[in-house]
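S.K.: sequence unknown, structure follows:
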DNA sequence: AGATAGATGTAATAGGTGCTTACATGGTAC
DNA sequence: GTACCATGTAAGCACCTATTACATCTATCT
């Protein structure tokens, strides 16, 4: 059905794909509504049948990004098997790998300035992705000595922040801010290991 | 001399200030060259006498941001006095405080997609700001048990990444992605403390 | 099968923006 | 005092956003 007929057939999806291509090439700022329309081969007004405006398209791209992100992280975590520590390592790698291989998604999710609270579906997708991290933090928590054990939420926030910081600062190839003496993955893994060490992981619980 | 004469007198500075105002209001994407000119009260073409294009203005804003950032961080660190740990606490607070009180600068520095390598002055300013963090990591390193002590550069990268992650995800008032159960400052301080604990800070060096 | 309503795409258009070129103005160095 | 050069303006082109009126297709109902 590909553009032989008057109607495109699947313009909405095609526009999202075009947006991803363009964002990937020129960044979220360089992408324009008209460009996407041209790439797909429709008139500049056609996209407005499917998206209220450019921001609405961006929000949808971000929502899809979070959904893909959640699926990716969930697969990496895999229920924390065989053990939370190695699963957490996979999770970190998956986080950075996503940022690296899907820069268009990642950028639309975290850098394009899409306000999450305006779109409930977007908000929900974002929550679901974070829930994976939260879940991992829960599993890690049970391995910690009870004394002075911090809330799992805080652990999740720390790991998320460190991952996001590394991803945005160093994790995206040529767009990275600085050359690293190591890979972003190794940097994250080392950081998380030190952090878990600080939480007492592996240490024997001290008898009160 | 404020716009009584044909020549503005200080258009370059005025445009930068206008850019900061506009970025602060509408984000780095919503700021336009013409808007800045209008705000200052000159014709839309006037800015081109002082900046090659819109990106050049953004790059200059980012450069100034890094210079202010460096000065702020250096003042907070204050040579690591009275002791590296408390100085590091001040440094973290200063980092987040900067992101919060100067969102326009922070956004132009880290989120506007200004390529640092194209402008040597920008690159240098960015390096100088990071050097403060690196310096702090050096001071912390000397307090660590020698065994298994990681390179100071890595410590600096971890702390930077965590700070940046927290700042971008949670550290900017209404533009934050999520409500926190604590302040961003507390979150960062707790994270750094756990991390330093993991590095063995405060623990006695174990005899081989 | 044929009519028709709704969905989807186009054409035309208005207003804003980025940037360039030719021109106007005025501060300053000689 | 004048000539030069930095600085600002006017005008214009190309592009983008968004709207409105119109064209075309598709699905549904009888």
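M.R.: The structure has been received and is ready for your questions. Keep in mind it's a predicted model, so treat the numbers as computed, not measured.
S.K.: name the helices or strands packed onto the helix or strand hosting residue A:15?
M.R.: Using DSSP states H and E, residue A:15 maps to helix A:11-30. Here helix A:11-30 touches helix A:33-40, helix A:54-77, helix A:103-110, going by 3 or more C-beta pairs under 8 Å, 6 or more residues apart in numbering or on different chains; DSSP states H and E. Just so you know, the C-beta spots here come from the backbone N, C-alpha and C atoms, and that holds for glycine as well.
S.K.: what distance separates that helix from the centre of its chain?
M.R.: 17 Å (C-alpha atoms, centre = their mean, to the nearest Å).
S.K.: If you count neighbours, what's buried in that helix?
M.R.: Going by neighbour count (16 or more other C-beta atoms under 10 Å in any protein chain shown), the buried part of helix A:11-30 is A:11, A:14, A:15, A:16, A:18, A:19, A:20, A:22, A:23, A:27, A:28, A:29.
S.K.: likewise stretch A:105-115?
M.R.: Buried-residue list, stretch A:105-115, by 16+ other C-beta under 10 Å: A:105, A:106, A:107, A:108, A:109, A:110, A:111, A:112, A:113, A:114.
S.K.: And stretch A:125-135, by the same measure?
M.R.: Buried, per 16+ other C-beta under 10 Å, within stretch A:125-135: A:125, A:126, A:128, A:129, A:130, A:132, A:133, A:134, A:135.
S.K.: do the same with stretch A:70-84
M.R.: Result for stretch A:70-84 [16+ other C-beta under 10 Å]: buried residues A:70, A:72, A:73, A:74, A:76, A:77, A:80, A:84.
S.K.: okay if I get the residues you listed as TSV plus distance to residue A:92 and pLDDT?
M.R.: Below are the buried residues of stretch A:70-84 laid out as TSV (distance: C-beta to C-beta, whole Å; pLDDT from 0 to 100):
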residue	distance to residue A:92	pLDDT
A:70	16	98
A:72	12	98
A:73	10	98
A:74	14	98
A:76	9	98
A:77	10	98
A:80	14	97
A:84	12	96
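S.K.: wait, which of those is closest to residue B:171?
M.R.: When the buried residues of stretch A:70-84 are compared for distance to residue B:171 (C-beta to C-beta), residue A:73 wins out at 23.0 Å.
S.K.: Hmm, that closest one is touching residue A:93, no?
M.R.: No: under the criterion of C-beta atoms under 8 Å, residue A:73 makes no contact with residue A:93, lying 10.6 Å away.
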